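Visitor: Provided below are the primary sequence and the corresponding predicted coordinates.
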Amino acid sequence: MKRPAILLATAVFLVSCSSAHKPESPSPRENLGSIERLDPALDQIAPRDSVIEKLAGGFTFTEGPVWRPQEQVLWFSDVVDNVVRQWSPDGTVKAVIQKAGGDPGSVPPGSFIGPNGEIADKDGYVLICRHTKRDIIRVGKDLQITQVVERYQGKRFNSPNDLVYKSDGALYFTDPPYGLLKQNDDPAKEIPFSGVYRLKNGKVDVIIKDLTFPNGIAFSPDEKVLYISNSDEKHKVWMRYDVAQDGTVSNGRVFFDVTAEKEDGLPDGMKLDTLGNIYASGPGGLWVFSADGKHLGTIKPQETPANCNWGDDGKSLFITARTGLYRIKLPVRGQKPLYQ
């Protein structure tokens, strides 16, 4: 983008601490879920005494968890309620940004109008994908908000969904039409495809444009592979792409296909551990794959996950699942984001 970032007013976004959410209070370390084990290798990743904890509940559609090490708190998106919330280890949950996806005006109940994917940047601030505003913003000190990117070749994005940094500082993000009320049939849709983009040195390039609903996005630890989830009811797959030195991708092929699965949920947000194992939100739970594409098992909280992220000591996997926030502590270390 050639134009400077736009400083947006923050007063309308700031919520006082008095608006703290009163979460559900399940018993500490109560196991609220199960783990489907398909391969003995899963026992080294998620031992049989692993506990799926429910940290809070009563939300609308949770997404985009990101750990904030400076404050030792977790931010996450409540997409339908249009709020960014913060969970603290003492169990407190409060809203930190209202109308976090923008002000949609009058929309049908249940619309995906709010914030979605979140990621830390080099200053420890947070980048957030916004549905109503159809852009990516940066939330800095005192919740000051600047716009990072909103257009490709002069046309507005559909609704940026999830994002990841590469070690060269390039930002990769997906852009399905979920934030548009009529999705692909919405007259407000300006770009004729749902792309995956790279933002580097102010320039936006589309790197993938043949997926119907690109959603979750993640790099392998060596950054030689880019994983993309396609959350299309008719083609529920995780894709794998080779990454060249210049950051372009090629040789897209299906990593795993769950189109035949009947349980609730679609391929969605995902993260990796330092060994290259993939933890991918999908039908019925968080699917765990080895780097070579073997389904080792599925972590199943009480609700269907939409995303996950590592936090706390780097071995705690936080899971956003429909109306709840969950956590499972594992012996493996999560892949550390470029910035945190």
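Guide: That came through fine. Numbering: from 1, shown residues only.
Visitor: can you pull the buried residues of stretch 278-297?
Guide: Within stretch 278-297, the residues scored as buried using 16 or more other C-beta atoms under 10 Å are 278-291, 295-297. No exception for glycine: its C-beta is placed from N, CA and C like everyone else's.
Visitor: Confirm for me that Gly33 is in contact with Pro301.
Guide: Yes - with contact defined as C-beta atoms under 8 Å, Gly33 counts as touching Pro301 (4.1 Å).
Visitor: contacts for stretch 110-117?
Guide: With contacts defined as C-beta atoms under 8 Å, 6 or more residues apart in numbering, stretch 110-117 is touched by 61, 63-64, 77-84, 97, 100-102, 104, 107, 128-132, 159-163, 173, 178-179, 181, 269, 307.
Visitor: picking that back up, next, show the common contact partners of Gly33 and Pro301.
Guide: Common neighbours of Gly33 and Pro301 (C-beta under 8 Å, 6+ apart) are 52, 326.
Visitor: quick one, which of those two is more surrounded?
Guide: Shown here are Gly33 and Pro301; by other C-beta atoms under 10 Å, Pro301 has more neighbours (23 against 20).
Visitor: show me what contacts that one?
Guide: Shown in contact with Pro301 (C-beta under 8 Å, 6+ apart): 32-33, 52, 54, 285-286, 319, 321, 324, 326.
Visitor: min pLDDT across these, which one?
Guide: Comparing pLDDT over those, the lowest score belongs to Leu32 (90).
Visitor: So what does it have for phi and psi?
Guide: Per-residue torsions, Leu32: phi -110, psi 70 (degrees, to the nearest 10).
Visitor: begin at 46 from here
Guide: In the new count, where the first residue is 46, that last one comes out as Leu77.
Visitor: Produce a ChimeraX select command limited to the buried residues of the contacts of stretch 155-162.
Guide: In ChimeraX syntax, the buried subset of the contacts of stretch 155-162 is picked out as below (16+ other C-beta under 10 Å):
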select :106,108,109,122,123,124,125,126,127,128,129,142,145,146,147,149,173,174,175,176,177,204,205,206,207,208,218,223,224,314,352
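Visitor: Look up how far Ile262 lies from the nearest residue to Leu244 once chain neighbours are set aside.
Guide: Once flanking residues are discounted, Leu244 sits nearest to Leu216: 4.4 Å by C-beta to C-beta, 6 or more residues apart in numbering. To Ile262, Leu216 is 10 Å away according to C-beta to C-beta, to the nearest Å.
Visitor: what's the overlap in contacts for those two?
Guide: Joint contacts of Leu216 and Ile262 (C-beta under 8 Å, 6+ apart) are 208-209.
Visitor: Pro376 - how many residues pack around it?
Guide: Pro376 has 11 neighbouring residues, counting by other C-beta under 10 Å.
Visitor: For it, list the residues it contacts.
Guide: Counted by C-beta under 8 Å, 6+ apart, Pro376 has contacts 89-90, 92, 360.
Visitor: Near Leu172, how many other residues are there?
Guide: Considering only other C-beta under 10 Å, Leu172 is surrounded by 22 other residues.
Visitor: next one: stretch 110-129 to chain centre, how far?
Guide: Distance, stretch centre to chain centre, for stretch 110-129: 11 Å (C-alpha atoms, centre = their mean, to the nearest Å).
Visitor: Give me the distance between the two termini of it.
Guide: Taking C-alpha to C-alpha, to the nearest Å, the first and last residues of stretch 110-129 lie 10 Å apart.
Visitor: For the stretch 196-345 of the chain, which segments count as strands?
Guide: All strands of the stretch 196-345 of the chain, identified by DSSP state E, counting those that start in this stretch, fall at 196-197, 200-201, 208-210, 216-219, 241-245, 248-253, 259-264, 270-277, 280-288, 294-302, 315-317, 323-327, 330-334, 340-346.
Visitor: Out of these, which is the most enclosed?
Guide: Burial of these is given as mean neighbour count (mean count of other C-beta atoms under 10 Å); strand 323-327 ranks first at a mean of 28.
Visitor: Give the other helices and strands that that one contacts.
Guide: Applying 3 or more C-beta pairs under 8 Å, 6 or more residues apart in numbering; DSSP states H and E, one finds that strand 323-327 contacts strand 259-264, strand 270-277, strand 280-288, strand 315-317, strand 330-334, strand 352-356.
Visitor: Identify the residue spatially nearest to Met315, adjacent ones excluded.
Guide: Ala325 (3.9 Å).
Visitor: That neighbour bridge partners, please.
Guide: Residues in a beta bridge with Ala325, per DSSP bridges, are Met315, Trp332.
Visitor: what does the model give Ser64 for pLDDT?
Guide: At Ser64, the model reports a pLDDT of 43.
Visitor: Could you identify the most distant pair in the contacts of Pro376?
Guide: Gln89 and Lys360 (13.2 Å; C-beta to C-beta).
Visitor: residues shared between the contacts of the two?
Guide: Taking C-beta under 8 Å, 6+ apart as the criterion, Gln89 and Lys360 both touch 376-377.
Visitor: Throw the contacts of Pro346 into TSV and include distance to Thr293, thanks.
Guide: Supplementary listing: those in TSV, determined by distance: C-beta to C-beta, whole Å:
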residue	distance to Thr293
Leu77	43
Gly78	39
Ile97	39
Lys99	41
Gly330	33
Leu331	30
Ile364	32
Ala366	34
Gly369	38
Tyr371	36
